[in-house]
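>>> here is a sequence together with a model predicted from it:
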Amino acid sequence: MSRIGKKPIDIPKGVDIKIEGSTVKVKGPKGEISSGFPSGVRVAVAEGKVAVERTGETKDIRALHGLTRSLIANMILGVSSGYQRALEITGTGYRAQVQGSKLLLTLGYSHPVEFELPAGVKAAIDQKQTQITLTGIDKQQIGQIRADLRALRPPDIYKGKGIRYAGQRLKLKVGKAGKK
């Protein structure tokens, strides 16, 4: 049996969970989020805890057991406390600005790059305009936006310029030695 899947999930105060068919809806102080779960898994709410059980023993159902439990736990954590992820911009003249629901990024291209943020995701920029902090309730959505932003200008392996995850360390390559 899945070690992660068999652990019950505690429901914090202020969080409401409803199960309708094969959909879990979680509502909390930060917002509301819903997600479906596979047919081989059963979700039950009782006594302030959520239990995830599987209905069969096939390989596919066993694989989805722990995943479903983790996704529901992430939804509960998202609506109660939210998620926050950071990116760092490194490079001379590279910076970011927030204009409404858009990020305006200057990344060394001949034009500024506009990045539209989806509903439910907010971005904050630090004083130096080199650190972007994304906040929201959906862990998957925050992670995808973070990856999309990094893909606009991935870190250069020679100079280190570009957008990197906060705290990410790069091993820089040595350039050409040249003739002496």
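Thanks, I have the structure now.

>>> so residue 16 touches residue 26, yeah?
Yes - contact between residue 16 and residue 26 holds when scored by C-beta atoms under 8 Å: they sit 7.3 Å apart. In short, each C-beta sits where N, CA and C put it, glycine included.

>>> neighbour count winner among the two?
Higher neighbour count among residue 16 and residue 26: residue 26, with 24 against 12, using other C-beta atoms under 10 Å.

>>> please name the bridge partners of the more buried one.
residue 17, residue 33 (DSSP bridges).

>>> residues of stretch 27-41 that come out buried?
Residues 28, 30, 33, 35, 37, 40, 41 are the ones in stretch 27-41 that count as buried (16 or more other C-beta atoms under 10 Å).

>>> thought the fifth one was touching residue 25?
Pointing back at residue 37 there. No - using C-beta under 8 Å, residue 37 makes no contact with residue 25, being 11.5 Å away.

>>> helices and strands around the helix ranked longest in the chain, which ones?
Secondary structure of the chain per DSSP state H: the longest helix is helix 59-80. Packed against helix 59-80 by the contact rule (3 or more C-beta pairs under 8 Å, 6 or more residues apart in numbering; DSSP states H and E) you find strand 9-10, strand 23-28, strand 31-36, strand 41-46, strand 49-54, helix 139-152.

>>> what are the buried residues along the last one?
What it means is helix 139-152. 139, 141, 142, 145, 146, 149, 150.

>>> next SSE downstream of that helix?
Counting by DSSP states H and E, the next helix or strand C-terminal to helix 139-152 is strand 162-165.

>>> and that next one, how far out from the chain middle?
Remark: strand 162-165 is offset 16 Å from the chain centroid, using C-alpha atoms, centre = their mean, to the nearest Å.

>>> direction included, what does that strand pair against?
Strand 162-165 has the following sheet partners, assigned by DSSP bridges: strand 83-90 (antiparallel).

>>> after the strand it pairs with, next one along is what?
Downstream of strand 83-90, the first helix or strand assigned by DSSP H and E is strand 95-99.

>>> still on that earlier bit, the longest helix of the chain vs strand 49-54, what angle?
Using axes from the mean of the first three to the mean of the last three C-alpha atoms, to 10 degrees, one finds that helix 59-80 and strand 49-54 are set 160 degrees apart in direction.

>>> quick thing: my sequence starts at 532, can you match it?
Taking 532 as the first residue, the last one we looked at is helix 590-611.

>>> neighbouring contacts of helix 590-611?
With C-beta atoms under 8 Å, 6 or more residues apart in numbering as the test, helix 590-611 has contacts from 532-536, 538, 540, 542-543, 545-546, 548, 555, 557-564, 566, 568-569, 571-572, 574, 581, 583-586, 614, 667-671.
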